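Q: Okay, structure incoming, though there's no sequence with it:
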């Protein structure tokens, strides 16, 4: 049974191990990109809120 799980007596297939490592690295890269984009989005949202608040303060009242 263990032989069937590993593929053969010699251990795991080197190509499969290489592919698994490549995919794990790709996942780490994508997770890092996601964190970077979330931080950038949070900064843009905060800046947008500040701009909107400033514009609201600069408006003149509708009825005087």
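A: Structure received. Worth saying up front: this structure is predicted, and the values here are computed from it rather than measured.
Q: neighbours around residue 13, how many?
A: The number of residues packed near residue 13 is 13, by other C-beta atoms under 10 Å. Where C-beta positions appear, they are placed from N, C-alpha and C, glycine not excepted.
Q: Now for residue 44: which residues touch it?
A: Shown in contact with residue 44 (C-beta atoms under 8 Å, 6 or more residues apart in numbering): no residues.
Q: That one: what secondary structure?
A: For residue 44, the assignment made with DSSP: H, G, I helix; E, B strand; the rest coil gives helix.
Q: how about the strands in the protein?
A: Using DSSP state E, the strands of the chain do not appear at all; there are none.
Q: what ranges do the helices span in it?
A: 2-6, 14-58 (DSSP state H).
Q: Kindly provide the whole-number mean pLDDT of the first one.
A: This means helix 2-6. Confidence for helix 2-6, expressed as mean pLDDT, is 60.
Q: do stretch 55-63 as well
A: Per-region confidence: stretch 55-63 scores 66 on mean pLDDT.
Q: cool, and stretch 25-35?
A: Per-residue pLDDT values over stretch 25-35 give a mean of 98.
Q: Return the most buried member of the helices of the chain.
A: Looking across the helices of the chain with neighbours counted as mean count of other C-beta atoms under 10 Å, the highest average goes to helix 14-58: a mean of 10.
Q: State the distance from residue 21 to residue 33.
A: 19 Å (C-beta to C-beta, to the nearest Å).
Q: contacting residues around residue 27?
A: When contacts are taken as C-beta under 8 Å, 6+ apart, residue 27 is in contact with no other residue.
Q: And it, how far from residue 49?
A: As judged by C-beta to C-beta, residue 27 and residue 49 stand 33 Å apart.
Q: same deal with residue 39?
A: Taking C-beta to C-beta, one finds residue 39 at 16 Å from residue 49.
Q: what's the answer for residue 13, then?
A: 53 Å.
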